[in-house]
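1. Below are the sequence and a predicted model; questions follow.
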Amino acid sequence: MTATTDGSTGALPPRAAAASETHLETPVAAGIQEAAVRAVRRATEHLLARQDAEGWWKGDLETNVTMDAEDLLLRQFLGIRDESTTRAAARFIRGEQREDGAWASFYGGPGELSTTIEAYVALRLDGDAPDAPHMAKASAWVRAQGGIAAARVFTRIWLALFGWWKWEDLPELPPELIYFPQWMPLNIYDFGCWARQT
């Protein structure tokens, strides 16, 4: 074991350490194993070098434009949206639009309906006209994908907050569902963490 600059030992994780002690029969397999152990060791050292003295890591969270769009929608709903934040977010959102008028949910991905709807609405908050070429392209793409009715429920909830979608047209779950234990076929513990709040 070697000491790192932060005082830790730089020891391999238990599985990697166990793998490094396994004896393989062929030279090729042994070479692959040694390369894997070196890669894990380098990755561990890299992460430890980036770790703060208090034990945490800091990094950028990269995501799609829905976070920026939903931030603007929330600010609008709360009545705290300001022009400088709106302009900066809108500039970023515009810059991520695909050639076909849509927005992707991951870098280089195909257009995604809900992401595109939320981006479109956010740009409308910044004053982009519906007949502007980039907005018309987005609108046509949304219609070709089935429109708002085909969007995810979160997108339709955002629209309902502003009266742009009917609350009655959103799916409802009985509140008693919260009491269903984890072993039941339908329970909130099988939902994504972001879905449990809605």
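-> Arrived safely. Worth saying up front: this structure is predicted, and the values here are computed from it rather than measured.

2. Count the neighbours of residue 114 for me.
-> Using other CB atoms under 10 Å, residue 114 has 21 other residues around it. In short, each C-beta sits where N, CA and C put it, glycine included.

3. and it, what does it touch?
-> 66, 105, 151, 152, 154, 155 (CB atoms under 8 Å, 6 or more residues apart in numbering).

4. Low-confidence bits of this structure, can you list those?
-> Along the chain, the model assigns pLDDT under 70 to residues 1-25, 196-198.

5. Which residue lies nearest the spatial centre of it?
-> residue 63 (4.8 Å; CA atoms, centre = their mean).

6. Wasn't it part of a strand?
-> No - applying DSSP: H, G, I helix; E, B strand; the rest coil, one finds residue 63 to be coil, outside a strand.

7. about what we covered before: now list the buried members of the contacts of residue 114.
-> Using 16 or more other CB atoms under 10 Å as the burial test, the contacts of residue 114 include 66, 105, 151, 155 as buried.

8. Just send the residues you listed back as CSV, with distance to residue 175 and secondary structure too.
-> Shown next, in CSV, are those (distance: CB to CB, whole Å; DSSP: H, G, I helix; E, B strand; the rest coil):
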residue, distance to residue 175, secondary structure
66, 27, helix
105, 30, coil
151, 24, coil
155, 23, helix
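
9. Need those residues in a markdown table (columns: distance to residue 44).
-> Shown next, in a markdown table, are these (distance: CB to CB, whole Å):
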| residue | distance to residue 44 |
| --- | --- |
| 66 | 33 |
| 105 | 31 |
| 151 | 42 |
| 155 | 40 |
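
10. ok, of these, which one's closest to residue 128?
-> In terms of CB to CB, no member of the buried ones among the contacts of residue 114 lies closer to residue 128 than residue 66, at 17.1 Å.
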